[in-house]
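In: okay, structure incoming, though there's no sequence with it:
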Ligand code: EPU
């Protein structure tokens, strides 16, 4: 079993470069299969979610080449093969294969998606959208069957603002006959990124990034070249890390507008954030004050940074209340942080964290991706050697993280340890 071992307390200094956005990547790759000729996507993060999607596209006959973060997807020989099991279960975003395959072939069979366990994560709004476009949708033995004779544009009002549903409906609607209007659409930068790729493939999409998206269906889509946006959640993670244990850290390859809510919260806490065009510099932080955080849809404070932010709160003077309105059960890291001496508890949809506390090393479990990011930061702060288990969650979303942190001076290594079961084998 691989684990991360971190000897905490080393101050971090230097430059860290942000990779391409995971949550864009996982939608751009399925989007590419809608084309009739090769699509090239540059700047992809080297993370397991990207490789799993590559495997899924290959399973259905796509030819994929990936080199130095640039992926070329040749969709000319893709067939409408059912994907009820296997790789689809490894990540949440395999649900984008539903929209993409429905849009391309008018039918698809996709196993219900896996991904991080953050409490209930329904996909009813995706299904409502597919049905509005004319598909019959059935759940049979854990796989979703989507069938349509033809897809027709429709007006779809999303009952909850959902990134996944907005993108999935766009994927299914770009080749539907007539006009689709998505109302109460999500406005995340990843949606604009996917709409940009689809538009460059020949789709007709207006309003991506606002809460009303209008799509005029087209008959065919063609190949193109696209460069992905930088990952705003990775950016925010590094900003939090730099505020926690940095002696001057530059975060490079950033779109500062995408992390404005994080910048504002950090400043409210007492962190100096110097914003450049494509870089953010965080000098050594002297004193942190407790602040309350409420996660909201974009451009609000992202749910994906609530868990790492909680670690910073352990270093701040006073009690912070972190409320997650998107995933009210996204607090599995709190128990792990308590093992490390943090003073935190969960009440309803909030975590209450009181500081400042000196964190102490422990053996902890990355229960999900962003809990893992939180534990990485905690391990960097803690005295002693922290061991993080279940690191495959972290590697789903943070590419090359060990190298990146070592370059800042962190004492972190990925090592193999024997588990009780591997000893008995
Ligand atoms: N929701 C529904 N019905 C639906 C869809 C969503 O009730 O049909 C609810 C969800 O339960 C949640 C809220 O709506 O309470 C928002 O969910 P959304 O659909 O926006 O989330 P998602 O598309 O499944 C993406 C990211 C998540 C990120 C959320 C929120 C991907 C692959 N995942 O999930 O990323 O937390 O948006 O911004 O894009 C992560 O990166 O660690 C991660 C979990």
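Out: Looks like it arrived, so ask away. Here the structure is a predicted model, which is why all the values come from computation and not from measurement. Numbers count the residues shown, from 1 in each chain.
In: alongside the ligand, which residues does the stretch 151-300 of the chain contribute?
Out: 160, 162-165, 186, 233 (CB under 6 Å from any ligand atom). (Glycine included, C-beta is placed from N, CA and C.)
In: residue 59 touches residue 84, doesn't it?
Out: No. The criterion here is CB atoms under 8 Å, and residue 59 misses it with residue 84 at 11.4 Å.
In: re the thing from before, which two among the residues of the stretch 151-300 of the chain next to the ligand are spaced furthest apart?
Out: Maximum pairwise distance in these, criterion CB to CB, is 20.2 Å, between 160 and 233.
In: quick one, which of these two is more surrounded?
Out: residue 233 (25 against 12; other CB atoms under 10 Å).
In: quick check, that one in a strand?
Out: No. Looking at residue 233 with DSSP: H, G, I helix; E, B strand; the rest coil, it is helix, so not inside a strand.
In: skipping its backbone neighbours, what lies nearest it in space?
Out: Closest residue to residue 233 apart from its sequence neighbours, by CB to CB, 6 or more residues apart in numbering: residue 304 at 4.5 Å.
In: helix, strand or coil for that neighbour?
Out: At residue 304, secondary structure determined by three-state DSSP is helix.
In: any idea how far residue 211 is from it?
Out: 20 Å (CB to CB, to the nearest Å).
In: and these two? which has more neighbours close in?
Out: Shown here are residue 304 and residue 211; by other CB under 10 Å, residue 304 has more neighbours (25 against 15).
In: wouldn't that one be in contact with residue 371 here?
Out: No. Judged on CB under 8 Å, residue 304 makes no contact with residue 371 at a distance of 10.9 Å.
In: C-terminal to the one helix or strand residue 71 maps to, what's the next element?
Out: In the assignment (DSSP states H and E), residue 71 maps to strand 70-74. As assigned by DSSP H and E, the chain's next helix or strand after strand 70-74 is helix 96-105.
In: and that next one, what does it pack against?
Out: Here helix 96-105 touches helix 22-32, strand 107-111, helix 124-132, strand 143-147, helix 163-173, going by 3 or more CB pairs under 8 Å, 6 or more residues apart in numbering; DSSP states H and E.
In: quick one: low-confidence parts of this protein?
Out: Along the chain, segments meeting pLDDT under 70 span 114-116, 118-120, 420-425.
In: in the chain, what residue is nearest the ligand?
Out: residue 164 (2.8 Å; CB to the nearest ligand atom).
In: I'd like to know how many residues surround that residue.
Out: The number of residues packed near residue 164 is 21, by other CB under 10 Å.
In: residue 85 too?
Out: By other CB under 10 Å, the residues close to residue 85 number 11.
In: which strand residues bridge the residue lying closest to it once chain neighbours are set aside?
Out: Closest residue in space to residue 85, ignoring its immediate chain neighbours: residue 111 at 5.2 Å, by CB to CB, 6+ apart. Beta-bridge pairing for residue 111 (DSSP bridges): residue 143.
In: residue 111 contacts residue 92, doesn't it?
Out: No. Using CB under 8 Å, residue 111 makes no contact with residue 92, being 12.0 Å away.
In: and the closest residue to residue 325 other than its chain neighbours, what is it in contact with?
Out: The shortest distance from residue 325 to any non-neighbouring residue, by CB to CB, 6+ apart, is to residue 295 (5.7 Å). Residue 295 makes contact with 301-303, 306, 322-327, according to CB atoms under 8 Å, 6 or more residues apart in numbering.
In: count the residues that sit near residue 377.
Out: Residues near residue 377, counting by other CB under 10 Å, number 28.
In: where do the helices sit along the stretch 301-425 of the chain?
Out: Along the stretch 301-425 of the chain, counting by DSSP state H, counting those that start in this stretch, helices occupy 306-313, 333-339, 369-381, 392-395, 401-407, 420-424.
In: reformat those helices as JSON lines; add distance to residue 35.
Out: Output for these, formatted as JSON lines (distance: least, CB to CB, whole Å):
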{"stretch": "helix 306-313", "distance to residue 35": "36"}
{"stretch": "helix 333-339", "distance to residue 35": "40"}
{"stretch": "helix 369-381", "distance to residue 35": "29"}
{"stretch": "helix 392-395", "distance to residue 35": "29"}
{"stretch": "helix 401-407", "distance to residue 35": "32"}
{"stretch": "helix 420-424", "distance to residue 35": "44"}
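In: would TSV of those with distance to the ligand be doable?
Out: Below are these laid out as TSV (distance: least, CB to the nearest ligand atom, whole Å):
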stretch	distance to the ligand
helix 306-313	9
helix 333-339	12
helix 369-381	4
helix 392-395	9
helix 401-407	14
helix 420-424	28
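In: adjacent strands (with direction) for the strand holding residue 71?
Out: strand 39-42 (antiparallel), strand 63-67 (antiparallel).
In: residues contacting the longest one, please?
Out: It refers to strand 63-67. For strand 63-67, using CB under 8 Å, 6+ apart, the contacting residues are 44, 50-51, 54, 57-58, 71-74, 76-77.
In: what comes up buried for that strand?
Out: Neighbour counts over strand 63-67 (16 or more other CB atoms under 10 Å) mark residue 64 as buried.
In: thinking again about what came up before, adding distance to the ligand, write the strands paired with strand 70-74 out as TSV.
Out: Output for the strands paired with strand 70-74, formatted as TSV (distance: least, CB to the nearest ligand atom, whole Å):
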stretch	distance to the ligand
strand 39-42	16
strand 63-67	19
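In: what's the closest of these to residue 194?
Out: So among the strands paired with strand 70-74, strand 39-42 is nearest, using CB to CB, at 10.9 Å.
In: give me the distance from the closest one to the chain's centre.
Out: 19 Å (CA atoms, centre = their mean, to the nearest Å).
In: buried residues in it, which are they?
Out: Buried residues in strand 39-42, defined by neighbour count with 16+ other CB under 10 Å: 39-41.
In: so what touches that strand?
Out: Against strand 39-42 from outside (CB under 8 Å, 6+ apart): 25, 28-29, 32, 69-73, 75, 197, 201, 223-228.
In: among those, the buried ones, what's the PyMOL command?
Out: With 16+ other CB under 10 Å as the criterion, this PyMOL line picks the buried residues out of the contacts of strand 39-42:
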select buried, resi 25+28+29+32+69+71+72+73+75+197+201+223+224+226+227+228
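In: so residue 133 sits right up against residue 154, yeah?
Out: Yes. Using CB under 8 Å, residue 133 is in contact with residue 154, at 5.6 Å.
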